[in-house]
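A.B. asks: following is a predicted model, sequence given first.
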Amino acid sequence: MTSPFEYAPAPESRNLVSIRSSYGLFIGGEFVSPRDGRTFKTVDPSTEEVLSEVSEAGSKDVDLAVAAARQAYDTTWARMKPATRGKYLYRIARLLQERSRELAVLESIDNGKPIRESRDVDLPLVAAHFFYYAGWADKLDHAGFGPNPQPLGVAGQVIPWNFPLLMLAWKIAPALACGNTVVIKPAETTPLSALHFAEILQQADLPPGVVNILTGAGETGRLLVTHDGIDKVAFTGSTEVGKEIARSVAGTNKKVTLELGGKAANVVFEDAALDEAVEGIVEGIFFNQGHVCCAGSRLLVQESIADDLMVRLKRRLGTLRVGDPLDKNTDVGAINSSAQLAKIRELSEIGDREGAERWSPECELPDRGYWFPPTVFTGVTQAHRIAREEIFGPVLSVLTFRTPDEAVEKANNTPFGLSAGVWTEKGSRILWMAQRLRAGVVWANTFNKFDPTSPFGGYKESGYGREGGRHGLEAYLDV
Ligand code: NDP
């Protein structure tokens with residue numbers, strides 16, 4: 001079904017951001033050329049247009065960045081009055097707000113996510129994280145980790161491409177609030193917002209070396225997390241790389257937090273408000289093109305309402321607008337990279353071969369760029385790979401259940417345990433489910449809601465450690 005009426009294009013202006021033709025590495029408070037001179041290109045995934053040439057940090061660059069972070073830790077940051085550290089974080093938060101329109105456009109161009117999301121979700125949360133942790137900087141004595149808790153030292157942080165600036169904020173804000181210094185590596189396909197964030201650090205007059213930003217690919221990440229000069233590793237990304245990192249730091253004194261993949265169940269009971277549940281299902285799996293570690297990628301629906309819910313869901317999906325990420329009407333943007341598109345296609349074809357039934361609304365996809373339509377698979381069983389593996393794209397697998405016990409069993413039948421959703425009108429059932437679901441976050445009658453005050457993290461192969469809230473401080477304190 002197509003939209004009842006067409007919307008005129010409402011593009012946000014690209015001119016709000018000025019992208020340089022090339023960028024250096026941000027080490028010791030300034031942009032420097034990489035020591036071994038390698039570079040790579042970052043593209044706009046909605047057009048495949050090259051946006052900029054970015055430096056690829058090699059081992060000498062990692063040495064320099066870690067040394068800069070160590071010096072800043074020893075001479076400035078860890079010695080600074082906590083309230084003064086807080087002032088810097090407040091300043092960064094305000095600058096992020098001031099430049100949020102520019103950064104939202106940049107994020108949508110480099111990542112492919114709709115401007116509606118980068119403008120209304122990513123950027124407000126980025127600033128909120130800095131504001132929140134700024135408040136903690138001089139209150140660590142009261143955080144519940146004993147009197148005068150101490151920082152760890154230099155944190156090596158590696159982040160993915162799905163929420164480039166938000167993941168940076170999740171990592172940097174608590175680290176700095178606790179008195180650590182940072183070397184961070186953004187993902188290869190989305191380096192630009194981190195580089196513009198470096199300009200904000202210069203604007204904020206942050207002492208040199210407190211934050212160092214190394215662009216590069218997986219090898220740069222590996223060099224960073226295995227570097228002897230760091231005290232703490234914080235990683236968000238795939239379970240596979242998370243396991244490799246856990247192995248590489250085993251036996252060292254490095255403290256580690258890993259935020260890895262997910263295959264969340266979004267469980268809809270027959271007494272749920274169905275139209276609201278449909279909105280939550282859409283928010284759960286089509287937000288950010290499904291490139292969300294806690295995406296509600298498995299819909300578990302009570303058998304008695306399955307047919308009704310599917311009719312409503314398909315009707316709603318027919319109204320989603322897929323296309324230009326900078327158009328303010330767009331609901332679903334571009335897939336972040338050709339590699340991710342290939343992975344989504346491959347797993348969807350496996351779904352076809354394993355006998356699930358594929359459905360997508362009619363939608364015209366642009367000729368250039370990386371695109372995948374919103375997709376629903378019905379007739380999925382727990383044995384299907386599309387019910388077990390993280391697709392990390394706009395693909396929903398639908399399973400049914402009859403009893404609450406069966407819902408719990410199916411929801412927990414996964415190697416992951418990052419998030420879950422429950423839709424029912426009964427508060428008692430929400431609590432009953434929340435006690436039994438093995439997931440770090442359980443949303444009730446909503447999905448994919450984030451807040452800096454709330455801890456986030458996984459069970460099982462979704463990783464360990466918590467980010468956000470008071471809990472998020474623990475990862476950056478010697479406690
Ligand atoms: P990765 O885990 O490879 O990437 C995450 C980050 O780690 C990136 O910055 C990456 O660099 C870096 N990295 C890669 N290899 C290493 C290494 N050996 N040591 C240290 N750092 C490393 O995820 P992908 O981008 O390859 O995505 C693959 C799949 O992972 C997705 O399809 C999705 O299923 C899942 N994923 C889950 C995420 C989550 O939030 N849970 C986020 C992203 C992906 P670079 O980007 O340059 O390769």
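C.D. replies: Done, it's in.
A.B. asks: can you list the low-confidence ranges for the stretch 251-400 of the chain?
C.D. replies: Residues of the stretch 251-400 of the chain meeting the criterion pLDDT under 70: none.
A.B. asks: chain neighbours aside, what residue packs nearest to the residue of the chain most remote from its centre?
C.D. replies: Here the centre of the chain is the reference, and by C-alpha atoms, centre = their mean the most remote residue is Ser304, at 34.7 Å. With C-beta to C-beta, 6 or more residues apart in numbering as the criterion, Ser304 has its nearest non-adjacent residue at 4.8 Å, and that residue is Glu270. Using the backbone N, CA and C atoms, a C-beta is placed for each residue, glycine as well.
A.B. asks: ok, the one you found touching Asp307?
C.D. replies: No: applying C-beta atoms under 8 Å as the test, Glu270 and Asp307 come out as separate, 11.8 Å apart.
A.B. asks: same drill for these two, tell me which one is more crowded.
C.D. replies: Set side by side, Glu270 and Asp307 show more neighbours around Glu270, with 16 against 10, by other C-beta atoms under 10 Å.
A.B. asks: element containing the more buried one?
C.D. replies: Per DSSP states H and E, Glu270 falls between elements, in no helix or strand.
A.B. asks: contact partners for it?
C.D. replies: Glu270 is in contact with 302, 304-305, counting by C-beta atoms under 8 Å, 6 or more residues apart in numbering.
A.B. asks: where strands are concerned, which of those count?
C.D. replies: Per DSSP state E, strands hold the following members of the contacts of Glu270: Gln302.
A.B. asks: got the buried residues for stretch 35-48?
C.D. replies: Using 16 or more other C-beta atoms under 10 Å as the test for burial, stretch 35-48 gives 35, 42-47.
A.B. asks: quick one: it near the ligand?
C.D. replies: No: Stretch 35-48 lies out of reach of the ligand by C-beta under 6 Å from any ligand atom, never closer than 9.0 Å.
A.B. asks: where does Ile430 sit: helix, strand or coil?
C.D. replies: Under DSSP: H, G, I helix; E, B strand; the rest coil, Ile430 falls in the helix class.
A.B. asks: CA atoms only for stretch 459-474, dumped as CSV, please.
C.D. replies: Provided in CSV are the C-alpha atoms of stretch 459-474 (Å, rounded to 0.1, in the frame of the first residue of the first chain):
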residue,chain,number,x,y,z
TYR,A,459,23.8,-10.1,29.6
LYS,A,460,25.4,-13.1,27.9
GLU,A,461,26.9,-12.4,24.5
SER,A,462,25.6,-8.8,24.5
GLY,A,463,28.6,-7.9,26.7
TYR,A,464,29.3,-6.7,30.2
GLY,A,465,29.5,-3.5,32.1
ARG,A,466,27.0,-0.7,32.1
GLU,A,467,27.0,2.7,30.4
GLY,A,468,24.8,5.6,31.5
GLY,A,469,23.5,6.7,34.9
ARG,A,470,25.4,6.3,38.1
HIS,A,471,26.3,2.8,37.1
GLY,A,472,28.2,4.2,34.1
LEU,A,473,30.7,5.9,36.4
GLU,A,474,31.9,2.6,37.9
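A.B. asks: residues from this structure in reach of the ligand?
C.D. replies: Counting by C-beta under 6 Å from any ligand atom, the chain sits next to the ligand at 158-162, 185, 187-188, 217-218, 221-222, 225, 236-238, 241, 244-245, 260-261, 293, 340, 343, 390, 392.
A.B. asks: and with 5 Å instead?
C.D. replies: The chain has residues 158, 160, 187-188, 217-218, 221-222, 236-238, 241, 261, 293, 390, 392 near the ligand, with proximity defined as C-beta under 5 Å from any ligand atom.
A.B. asks: in helices, which of the residues you listed fall?
C.D. replies: Mapping these onto helices (DSSP state H) picks out 218, 221-222, 241.
A.B. asks: could you identify which of those residues has the most neighbours?
C.D. replies: Per-residue neighbour counts (other C-beta under 10 Å) across those peak at Gly221, which has 26 neighbours.
A.B. asks: separation between the nearest residue to Gln150 once chain neighbours are set aside and the ligand?
C.D. replies: Leaving aside its sequence neighbours, Gln150 sits nearest to Asp478 (C-beta to C-beta, 6+ apart; 4.7 Å). Asp478 sits at a distance of 24 Å from the ligand (criterion: C-beta to the nearest ligand atom, to the nearest Å).
A.B. asks: re earlier: pick out the most distant pair among the ones in helices among the residues of the chain next to the ligand.
C.D. replies: Maximum pairwise distance in these, criterion C-beta to C-beta, is 8.7 Å, between Arg222 and Val241.
A.B. asks: remind me which residues of the stretch 51-200 of the chain are low pLDDT?
C.D. replies: In the stretch 51-200 of the chain (pLDDT under 70), no residue qualifies.
A.B. asks: quick one: secondary structure of Asn336?
C.D. replies: The assignment at Asn336 comes out as coil when based on three-state DSSP.
A.B. asks: just checking, it touches Tyr370?
C.D. replies: Yes: counting by C-beta under 8 Å, Tyr370 is a contact partner of Asn336 at 7.3 Å.
A.B. asks: which neighbours do the two share?
C.D. replies: Common neighbours of Asn336 and Tyr370 (C-beta under 8 Å, 6+ apart) are 45, 112.
A.B. asks: can you tell me which of the residues of the chain next to the ligand is nearest Gln203?
C.D. replies: Of the residues of the chain next to the ligand, the one sitting nearest to Gln203 (C-beta to C-beta) turns out to be Ala187, at 24.0 Å.
A.B. asks: OK, contacts around the closest one?
C.D. replies: Here Ala187 is in contact with 159-161, 164, 237 (C-beta under 8 Å, 6+ apart).
A.B. asks: show me the two of these that sit farthest apart.
C.D. replies: The distance between the two most remote of these (C-beta to C-beta) is 12.2 Å, for Pro164 and Gly237.
A.B. asks: confirm Lys87 sits in a strand?
C.D. replies: No: in this structure, Lys87 is helix, not part of a strand, as judged by three-state DSSP.
A.B. asks: tell me the spacing between it and the ligand.
C.D. replies: Applying C-beta to the nearest ligand atom, the value for Lys87 to the ligand is 30 Å.
A.B. asks: and that residue, how many residues sit next to it?
C.D. replies: Neighbours of Lys87 (other C-beta under 10 Å): 16.
A.B. asks: got it, and the one 10 residues further on?
C.D. replies: Neighbourhood size, Gln97 [other C-beta under 10 Å]: 17.
A.B. asks: over to the one 10 residues further on?
C.D. replies: Applying the criterion other C-beta under 10 Å, we find 29 residues in the vicinity of Glu107.
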